[in-house]
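Peer 1: with the sequence up front, the predicted model follows.
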Amino acid sequence: MERLERLLDKEQFEKIRAINNPELHEFLAEWIEWLEPDKVFVCTDSEEDEHYVRWKALYYGEEKLLETPNHTVHYDNYYDQARDKTNTKLLVPGGKEIPFLNTKDRDEGLKEIRELMKGVMRGKELFVCFFVLGPKNSVFTIPAVQLTDSAYVAHSEFILYRKGYEEFKRLGRQARFFRFVHSAGELDERKTSKNLDKRRIYIDLVGETVYSVNTQYGGNTIGLKKLAFRLTIQKAVKEGWLSEHMFLMRVNGPNGRKTYFTGAYPSMCGKTSTAMISWENIVGDDLTFIMPFNGVARGANVEKGVFGIIQGVNPEDDPIIWKVLHSPVEIIFSNVLIKDGKPYWNEMGVEIPNEGENHSGKWWCGKKDKEGNEIPPSHKNARFTVSLEHFPNVDLEALEAPCGVEVGGMIFGGRDKDTWPPVREAFDWKHGVVTMGAALESETTAATLGKEGVRAFNPMAILDFMSVPLGDYIRNYLEFEKKLRKAPKIFAVNYFLRDENGNWLNHKLDKAVWLKWMELRVHGDVDAIETPIGYIPKYEDLARLFREVLDKEYTREAYEKQFTVRVPELLAKIERIEKIYREQVREVPEELFQVLEEERKRLLEARERYGDYISPFVLEGE
Ligand SMILES: Nc1nc2c(ncn2[C@@H]2O[C@H](COP(=O)(O)OP(=O)(O)OP(=O)(O)O)[C@@H](O)[C@H]2O)c(=O)[nH]1
Ligand SMILES: O=C([O-])CC(=O)C(=O)O
Ligand SMILES: [Mn+2]
């Protein structure tokens, strides 16, 4: 406390003194001394403190005002537009190598990051912020403290997370909390991080602390988002629950029935677009905790806001997001095109100006970057940050429920051009966990730095964030069922099937129909066709739902093309997945291989009888 009294001015010191937690005091004193900020501001839960942070983001030039009240724009460096997987490392004692995890020796990592952070905040203001993960006063609640010299990062967190200062006060010495230390590092004249060669995101799994330096992009910096996610995955696997890269939504069934679904798709593969579908209600779009209570799986959103992809948001497909983005509520637009104080983005469905300012600085149509690539109006991974409370379709009761909501179904999906049908249901928990979750593959996207469009193994859409050995993670999933009286049904979707010419086989809104079908299946309201890879919808049910939901004719030809069982592709996939688990992953539960083997057998038998490409009508006739 004496050190803190020296480091903070009176008013800020009093705010910290009100929290009776010596561990927190020690952490703050140590890091404030080390980072050497010119000034420290401690955020309580007051409106006033939140306003201060918002104003500082403008004052320091990390955000600029737009024409619509409460709208601002923020830019990240042109080469700092996505998550940096290479420089994101898990610090583990001895630097133990774990397949698919990017690890580093803990002592070495801590030493390196401390050196990079020594005095990094000279001339800057440090914001000390308190938040919680999950709903307040609930079994899901995890307190966290964030230190950052970026008012933009702090501002984003106020939009995305529940405030936690009072919670720290209430918990006092009992608080077990996560810690995040971030510095954007030296900034250039556009107020973007300059020393990208020294960009590091180090996750200390032992100390439950994450360090991030020389970067601003939200996925690398917003402590409570993907940085905390590595810590919660570890915690969940230790304690026997699930911490997942999933949306949480309510699908509205017949006669006012409410059924909640989670959905795990890799970054930029449709979580937000699904959770925002007009007929249903959103609870969360990115991170979900699922815990067993009295034999029931209950889910809660970790966050209370959306850091969503803006590319492709247009008035027809995303009317709700579109409306919110055009209303005067608090929004941060990042890495979009600005002209005359208005934001524009790729594929927004209206005409956009041919010059302005964007993530590359001054921009004009045809401008090229250093590598000779043409720069689009906005970055593919440009995003908007907004609180869920502003969405007319939010299920507020579910969002704040201290015990979460009962999960009726869990969906897995990815970018797959040629293998999986648009929707199918697993035979049981094990079948779903293995062939839909653990076997998930998806093409890489612009949400991470590096090449796009490469098919990659991405179990449970979570591989980028995995912080425990994959075998342990899968075992925890398989065992989770034993804690339940009734397990959620598991489904797999594929929005990204293409024909021989590369055209999409489905429209973006078709997912509305798949959701309604899954809702009916959870309650056993419709029959389905048994195939070697699970249950698929009957044509008649889909045709009716297409008419009811989308007012569209769904042809038998479209159905047959989309739901054909593609045996060669499915067998090749099993080969790939089995090889990965046999050769690269350690201590894989034997059940995984059994389930894959059973699926292979079913496919081989079906091929014997019906050939390589099996029409759903043929299977239905059986
Ligand atoms: N072809 C096609 N594209 C889709 C569909 N649904 C979503 N997309 C595209 O997928 C991209 C992003 O999807 P989001 O829903 O924002 O991604 P997310 O899963 O929430 O991703 P993160 O926030 O990165 O975790 C956008 O470019 C959409 O246009 C679909 O049904 N078909
Ligand atoms: O964390 C981020 O940068 C945004 C996101 O949701 C993802 O990449 O999955
Ligand atoms: Mn995500």
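Peer 2: Here it is on my side, so go on. Ligands and ions are numbered 1, 2, ... in the order given.
Peer 1: Met16: neighbouring residues, count only.
Peer 2: For residue 16 the amino acid is Ile, not Met. 21 (other C-beta atoms under 10 Å). Placement of C-beta: from N, CA and C, glycine included.
Peer 1: my guess is it contacts Asp9. True?
Peer 2: No: with contacts defined as C-beta atoms under 8 Å, Ile16 does not count as touching Asp9, sitting 11.2 Å away.
Peer 1: what residues does the stretch 151-300 of the chain have near ligand 3?
Peer 2: Residues of the stretch 151-300 of the chain lying close to ligand 3 by C-beta under 5 Å from the ion are Ser267, Asp286.
Peer 1: near ligand 1, which residues of the stretch 151-300 of the chain show up?
Peer 2: Tyr265, Ser267, Met268, Cys269, Gly270, Lys271, Thr272, Ser273, Asp285, Asp286 (C-beta under 6 Å from any ligand atom).
Peer 1: now with 5 Å?
Peer 2: Applying C-beta under 5 Å from any ligand atom, one finds that the stretch 151-300 of the chain approaches ligand 1 through Tyr265, Ser267, Met268, Cys269, Gly270, Lys271, Thr272, Ser273.
Peer 1: any chance of the residues you listed in TSV with distance to Glu583 and secondary structure as columns?
Peer 2: Listed next are those as TSV, based on distance: C-beta to C-beta, whole Å; DSSP: H, G, I helix; E, B strand; the rest coil:
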residue	distance to Glu583	secondary structure
Tyr265	26	coil
Ser267	26	coil
Met268	29	coil
Cys269	26	coil
Gly270	30	coil
Lys271	30	helix
Thr272	35	helix
Ser273	35	helix
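Peer 1: just the buried subset of these, please.
Peer 2: Those of those that meet the buried threshold are Tyr265, Ser267, Met268, Cys269, Gly270, Lys271, Thr272, Ser273, by 16 or more other C-beta atoms under 10 Å.
Peer 1: mind listing what the fifth one touches?
Peer 2: Contact criterion C-beta atoms under 8 Å, 6 or more residues apart in numbering gives Gly263, Gly413, Tyr495, Lys511 as the residues in contact with Gly270.
Peer 1: could you tell me what pLDDT the model assigned to it?
Peer 2: Note for Gly270: predicted pLDDT of 97.
Peer 1: cool, Glu622 as well?
Peer 2: 75.
Peer 1: that one: how many residues sit nearby?
Peer 2: So Glu622, with other C-beta under 10 Å, has 9 neighbours.
Peer 1: same deal with Glu47?
Peer 2: For Glu47, the neighbour count with other C-beta under 10 Å is 8.
Peer 1: same question for Pro589.
Peer 2: 21.
Peer 1: pretty sure it contacts Gly471?
Peer 2: Yes: Pro589 is in contact with Gly471 according to C-beta under 8 Å; the separation is 6.9 Å.
Peer 1: roughly how far apart are the residue of the stretch 1-150 of the chain found nearest ligand 2 and Pro589?
Peer 2: Proximity of the stretch 1-150 of the chain to ligand 2 (C-beta to the nearest ligand atom) peaks at Arg83, 5.1 Å away. Separation of Arg83 from Pro589 (C-beta to C-beta, to the nearest Å): 29 Å.
Peer 1: how close does Val42 get to Val120?
Peer 2: 19 Å.
Peer 1: again, but for Glu591
Peer 2: Distance, Glu591 to Val120, by C-beta to C-beta: 48 Å.
Peer 1: quick one: which of the two has more around it?
Peer 2: Val120 (22 against 14).
Peer 1: next, give phi and psi for that one.
Peer 2: phi -70, psi -20 (degrees, to the nearest 10).
Peer 1: would you agree it is in contact with Leu35?
Peer 2: Yes: with contacts counted by C-beta under 8 Å, Val120 reaches Leu35, the gap being 5.9 Å.
Peer 1: residues in contact with the longest helix seen in the chain?
Peer 2: Across the chain, the longest stretch assigned as helix under DSSP state H is helix 590-610. Helix 590-610 has contacts (C-beta under 8 Å, 6+ apart) with 430-431, 434-435, 438-439, 474, 478, 531-533, 565, 567, 570-571, 574, 577-578, 581-582, 614, 618-619.
Peer 1: ok, 7 Å please
Peer 2: With C-beta atoms under 7 Å, 6 or more residues apart in numbering as the test, helix 590-610 has contacts from 430-431, 434-435, 438, 474, 478, 532-533, 565, 567, 570-571, 574, 577-578, 581, 614, 618.
Peer 1: and it, average pLDDT?
Peer 2: 98.
Peer 1: just the CA coordinates for that helix, please, in PDB.
Peer 2: Below are the C-alpha coordinates for helix 590-610, written out as PDB (Å, rounded to 0.1, in the frame of the first residue of the first chain):
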ATOM      1  CA  GLU A 590      -9.900 -44.800 -27.200                       C
ATOM      2  CA  GLU A 591     -13.600 -44.000 -27.800                       C
ATOM      3  CA  LEU A 592     -12.700 -41.500 -30.400                       C
ATOM      4  CA  PHE A 593     -11.100 -44.100 -32.600                       C
ATOM      5  CA  GLN A 594     -14.000 -46.500 -32.100                       C
ATOM      6  CA  VAL A 595     -16.500 -43.900 -33.100                       C
ATOM      7  CA  LEU A 596     -14.600 -43.000 -36.200                       C
ATOM      8  CA  GLU A 597     -14.200 -46.600 -37.100                       C
ATOM      9  CA  GLU A 598     -18.000 -47.200 -36.800                       C
ATOM     10  CA  GLU A 599     -18.600 -44.300 -39.000                       C
ATOM     11  CA  ARG A 600     -16.200 -45.600 -41.600                       C
ATOM     12  CA  LYS A 601     -17.900 -49.000 -41.600                       C
ATOM     13  CA  ARG A 602     -21.300 -47.500 -42.100                       C
ATOM     14  CA  LEU A 603     -20.000 -45.400 -45.000                       C
ATOM     15  CA  LEU A 604     -18.300 -48.500 -46.600                       C
ATOM     16  CA  GLU A 605     -21.400 -50.500 -46.300                       C
ATOM     17  CA  ALA A 606     -23.500 -47.800 -47.800                       C
ATOM     18  CA  ARG A 607     -21.100 -47.400 -50.700                       C
ATOM     19  CA  GLU A 608     -21.400 -51.200 -51.400                       C
ATOM     20  CA  ARG A 609     -25.100 -50.800 -51.700                       C
ATOM     21  CA  TYR A 610     -25.700 -47.400 -53.300                       C
END
